[in-house]
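[1] Predicted coordinates and the sequence they were generated for:
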Amino acid sequence: MPHTDYDVVIAGGGMVGASLALSLYTRSKGSLRVLVVESFALPPLAESGLPTYRPSFDARSTALSYGSQQIYRELGIWPQLQAHQSTIAKVHVSDRGHFGSVLMTAESQGWEALGYVVENMWLGNVLLNHLRQHTNVAFLSPAKVVEIDVADGYATLSLQEGDTQRDITTQLIAVADGAESSLRSQLGIATSVSEYHQLAVIANVATEQPHKGCAYERFTERGPLALLPLVDDGSGQSRSALVWTFPDKMAEEVMAWSDSEFLAELQRNFGYRLGRLQKVGQRASFPLQLMQAEEQVRSRVVVMGNAAHSLHPVAGQGFNLALRDADSLSCLLAVAHSEKRALGELSLLQRYLASQDLDQRVTTAFSDQLTGIFSNRKPVLSVVRNLGLLLLDVTPAAKSRFVARAAGIMPGSSAESS
């Protein structure tokens, strides 16, 4: 096995790339040499060992499943993340204008929570701050991998750092540079894309009544919407994170609405479960599609995160699936490294993909089918859908399995039966 500069290089230092680096460090007990290459400048390292939390009404957030919380607890950062997270104690699912609904609770599962909502800035800073205290995890930022050349036993990467370009070698390159991955395209890895012909609008909303840890999934004539509980931003107002889908032909109209028009339409569709909707923050929008890379592994190369699979956001499955992928890969690489095996061997990477295949297929299908079922407003399907919600609500075993799947726990696992 030839000597290389690094064991693993991660192209992309976002939440997936940083989580992969932390898992590699933890699972290998610091024995793997890891480099994270990130195109944006990193924030200063906190002298206290803890990043600074700066509350903002408009902060973007991520819903972490119960399964993801278990992973971050094993990786040692959950106590820090917990300082600024909102617990999802229950989820209420309903269909506007119809009788069907279902309430899912953590208590009924015997769990502390169904999930948690963490602001992206806090999650990212906790990950990076924790990693940068370990010498075997190096960072190159701002910089990017501009070319990958795979040889027998290693990969050579061309790095661009400012005006300087240089080459390094690694046993394995993890491509985690997002859904529009330039490296995936450069490698000639094709993607399979299914257009939802929908637009997602995201924003934070202040509500008259406190959310009390309840998340809402509401299916409307426009499209499905989700409201996730957020921590107080310091102003004393209760906040929830909104993801609302619309037909893509409404893109210009929706983004042109004034805040009062947007709140009025949201109130009409969501109702008064949280009282009056008092304020909406900065809105952002993006088109929705299901994207999957047709190859996730090659000799010396693995594709991760949104570069590997990008899902509909309303079901909240995308990042949690990526985190499970990252931890599964890290566990396998740590064992291989201890056995002095080459980390970029195709047979080893195929083992990783085989171990995650069922999870990826089931999670993708769960997200895609849930979106399709609740985006279709045909009267006959509406009746079937609402009967299904009623049946789910009165069938504890079926509800428990549904909750476990949404929490990222595969059937038959010890967590499901706990």
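    Thanks, I have the structure now.

[2] From here on, just use CA atoms for contacts and neighbour counts.
    Fine.

[3] Need the residues that contact stretch 63-77.
    Stretch 63-77 is contacted from outside by 22-23, 26, 78-79, 113-118, 126-127, 130, 228, 316, 319-320, 323-324, 327, 406-409, using Cα atoms under 8 Å, 6 or more residues apart in numbering.

[4] so where's this protein uncertain?
    1, 46-50, 96-101, 315, 371-418 (pLDDT under 70).

[5] quick check: longest helix of it.
    helix 346-375 (DSSP state H).

[6] Ramachandran angles for the residue most central in space within the chain?
    For the chain, the residue nearest the mean C-alpha position is Phe319 (1.5 Å; Cα atoms, centre = their mean). The phi/psi pair for Phe319 (degrees, to the nearest 10) reads phi -70, psi -40.

[7] how does this structure divide into domains?
    Per automatic domain parsing, the structural domains of the chain span 1-42+132-190+294-376, 193-288.

[8] Please name whichever of those is nearest to Val93.
    domain 193-288 (4.7 Å; Cα to Cα).

[9] That closest one: how far from the chain's middle?
    Its chain's C-alpha centre and that of domain 193-288 lie 19 Å apart, by Cα atoms, centre = their mean, to the nearest Å.

[10] Kindly report the same for stretch 57-70.
    8 Å.

[11] Now that stretch - C-alpha only, PDB.
    This file holds the C-alpha atoms of stretch 57-70, laid out as PDB (Å, rounded to 0.1, in the frame of the first residue of the first chain):
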ATOM      1  CA  PHE A  57     -35.000  35.400  14.200                       C
ATOM      2  CA  ASP A  58     -34.100  34.300  10.700                       C
ATOM      3  CA  ALA A  59     -31.700  31.500  11.500                       C
ATOM      4  CA  ARG A  60     -32.100  28.400   9.300                       C
ATOM      5  CA  SER A  61     -32.500  25.100  11.100                       C
ATOM      6  CA  THR A  62     -32.300  21.400  10.600                       C
ATOM      7  CA  ALA A  63     -34.600  18.700  12.100                       C
ATOM      8  CA  LEU A  64     -32.500  15.900  13.700                       C
ATOM      9  CA  SER A  65     -34.200  12.600  14.100                       C
ATOM     10  CA  TYR A  66     -34.100  10.500  17.200                       C
ATOM     11  CA  GLY A  67     -31.600   8.200  15.400                       C
ATOM     12  CA  SER A  68     -29.300  11.200  14.600                       C
ATOM     13  CA  GLN A  69     -29.400  12.300  18.200                       C
ATOM     14  CA  GLN A  70     -28.100   8.900  19.100                       C
END
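
[12] buried ones in it?
    Residues of stretch 57-70 classed as buried under the neighbour-count rule (16 or more other Cα atoms under 10 Å) are 57-69.

[13] Specify the stretch among the domains of the chain that is closest to Ala106.
    The nearest among the domains of the chain, by Cα to Cα, is domain 193-288 at 10.6 Å.

[14] and that closest one, how far apart are its ends?
    10 Å (Cα to Cα, to the nearest Å).

[15] Spit out the contact partners of the spatially closest residue to Val118 that is not a sequence neighbour.
    In space, and not counting its chain neighbours, Val118 is closest to Gln85: 4.8 Å by Cα to Cα, 6 or more residues apart in numbering. Listed by Cα under 8 Å, 6+ apart, the contact partners of Gln85 are 116-119, 230-231.

[16] returning to what we had before: buried ones in the longest helix of the chain?
    Residues 346, 348-350, 352-353, 356, 359-360, 363-364, 366-368, 371, 374-375 are the ones in helix 346-375 that count as buried (16+ other Cα under 10 Å).

[17] With stretch 181-194 instead?
    For stretch 181-194, burial by neighbour count (16+ other Cα under 10 Å) applies to 181-184, 191.
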